[in-house]
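1. Provided below are the primary sequence and the corresponding predicted coordinates.
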Amino acid sequence: MERIGTRKLRVMLVPLPLQGHLTPMLQLASVLHLRGFSVIVAHTEFNSPNPENHPDFTFIPLKDGVCSPSANLLDMISAINTNCKEPLEKCIVELQGQLSCIIYDSLLHFVDTVAHHLKLPTIFFRPSTAVYMQSYLSLLSLHGKMIIPLPESHLEEAVPELHPIIRFKDLPLSVLSKIPQVVIDFVKSFSDIKSSVAVIWNSVEILDDFSIHQQYQVPFFPIGPLHKMASSSSSMPTSLLQEDPGCIAWLDKQALKSVLYVSLGSLATLSSEALVETAMGIANSGQPFLWAIRPSSVAGSEWIECLPQGLRGVIQERGLIVKWAPQKEVLAHPAVGGFLSHCGWNSTLESLSQGVAMICMPFFGDQMINARFSVHVWEVGVEIGNMADRKSIEEAVRALMVDEQGKEMRCRAAEIKHKLHLSMVKGGSSCRALEDLVEFITSLSA
Ligand code: UDP
């Protein structure tokens, strides 16, 4: 179906070079390749994927002018949107009508501008939930009605028109002060699908709410969880950091469901005080643990120098700290019984797909909303703030790993794992959405 005559249809994908965006885009590339499409990945030189890990795709680097990982993500994203326009245009022109469409990360609006100019259809890709995107539309509406800034006393209230468990304090931008115009412009730029002819979500019908499509009014394809949909190539490495494989051998020696896995993803950082509190809380819980701590993720330290020697001794007895873990493999390991997570969407999907319940420690972006859903809608997690002290961390670890409450959460997580599996097999929502997407892309070349 995906061939016109004898010609294999070719799609171009343009990822945002951040781990949580790059990974699902490469997984999408893999899913489409498995369905017979030829795949070109046009990527920034900054945080470039390693072409050797993906011999089936063609990689085209775009000069981005991003010299160093900027602390300010907004600046980095704007630089890419400005600097990659010309290189992308040149590259599409050179391909002379060989592309069926371009699938681009929603934060890279320049792709739609270039493609529209060259009369090439685009598909908007969101690596997170539709509910999260809706929260930005809600922020724009609150800003437009001049409801922001709000007094602090409103933070615990539910946001009108969003799921009732989402409070003002869970929104991705603070509502306590006026939102700067540059931020409003940025939100407008990525919440508008522009000339895109469809939207792909790394999300799943049973976990999300796609009512946002009343506004978008184009076909939408929720085909998540992409790491599972791309399962025949699940070992495909997408990490920008080197994974430490030694932790799997360590997990092999631990008792069934005894280990707490701890990771705060690729962007969140901790103060040295928060690192010590978290380490004390986990150590005092008495549970074995595997903790992935990225270099430079603790303020003022290269790695974990600020952990006191005594605490390091306890860690060596009962736990293992690595710089970057093979997370999907870790979550699939039978020794892992819980996940202390920042609730990034990829991590949340990876955890739910393995039936692993969570301690939710959200920091920013969609993490608060994902945490609220994990705790209050799916009931597979306990929430602690990102400023939790050692006592509340210790209690949360016990609640998840030892108490009856934790057992119940694990049962519900196992049910979600099963439902996610059903959504991916024949007749399931993600499977059907993928079939529809393949047909849709094919129709663009007809
Ligand atoms: N990850 C990993 N090893 C680690 C920590 C994270 O492979 O030690 C991966 C994880 O599996 C996920 C991604 O990094 O796919 C993080 O994405 P997420 O959306 O969870 O959070 P973000 O990094 O965007 O905050």
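-> Looks like it came in fine.
2. Around the ligand, which positions in the stretch 1-150 of the chain sit nearby?
-> Applying CB under 6 Å from any ligand atom, one finds that the stretch 1-150 of the chain approaches the ligand through 19-20, 23. Placement of C-beta: from N, CA and C, glycine included.
3. show me the contacts for Val375.
-> 360, 381-383 (CB atoms under 8 Å, 6 or more residues apart in numbering).
4. thinking again about what came up before, which of the residues of the stretch 1-150 of the chain next to the ligand fall within helices?
-> 19-20, 23 (DSSP state H).
5. Quick check: Val402 vs the ligand, distance?
-> In this structure, Val402 and the ligand are 25 Å apart, going by CB to the nearest ligand atom, to the nearest Å.
6. Kindly list the main-chain dihedrals of the residue nearest to that residue when sequence neighbours are not counted?
-> Spatial nearest neighbour of Val402, excluding adjacent residues (CB to CB, 6 or more residues apart in numbering): Gln287 at 7.6 Å. Here is the backbone geometry of Gln287 (degrees, to the nearest 10): phi -90, psi 150.
7. what's the answer for Thr82, then?
-> Per degrees, to the nearest 10, the backbone of Thr82 is at phi -80, psi -50.
8. among the contacts of Val375, which are in strands?
-> 360, 381-383 (DSSP state E).
9. Just confirm Leu150 contacts Lys178, I think it does.
-> No. The criterion here is CB atoms under 8 Å, and Leu150 misses it with Lys178 at 10.7 Å.
10. My guess is His342 contacts Gly365. True?
-> No. The criterion here is CB under 8 Å, and His342 misses it with Gly365 at 9.4 Å.
11. Find the nearest non-adjacent residue to the residue in the stretch 251-400 of the chain that the ligand sits nearest to, please.
-> For the stretch 251-400 of the chain and the ligand, the shortest gap (CB to the nearest ligand atom) falls at Gly344, measuring 2.2 Å. When the adjacent residues along the chain are set aside, Gly344 lies closest to Gly265, with 4.3 Å between them (CB to CB, 6+ apart).
12. returning to what we had before: can the residues of the stretch 1-150 of the chain next to the ligand go into JSON lines with extra columns for distance to Arg390 and pLDDT?
-> Shown next, in JSON lines, are those (distance: CB to CB, whole Å; pLDDT from 0 to 100):
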{"residue": "Gln19", "distance to Arg390": "29", "pLDDT": "97"}
{"residue": "Gly20", "distance to Arg390": "28", "pLDDT": "98"}
{"residue": "Thr23", "distance to Arg390": "32", "pLDDT": "97"}
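13. quick one on the thing from earlier: would you mind listing which of the ones in strands among the contacts of Val375 are buried?
-> Burial by neighbour count, 16 or more other CB atoms under 10 Å: within those this picks out 360, 381-383.
14. Adding pLDDT and distance to the ligand as columns, could you present those in TSV?
-> Output for these, formatted as TSV (pLDDT from 0 to 100; distance: CB to the nearest ligand atom, whole Å):
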residue	pLDDT	distance to the ligand
Cys360	98	12
Gly381	98	14
Val382	98	18
Glu383	96	16
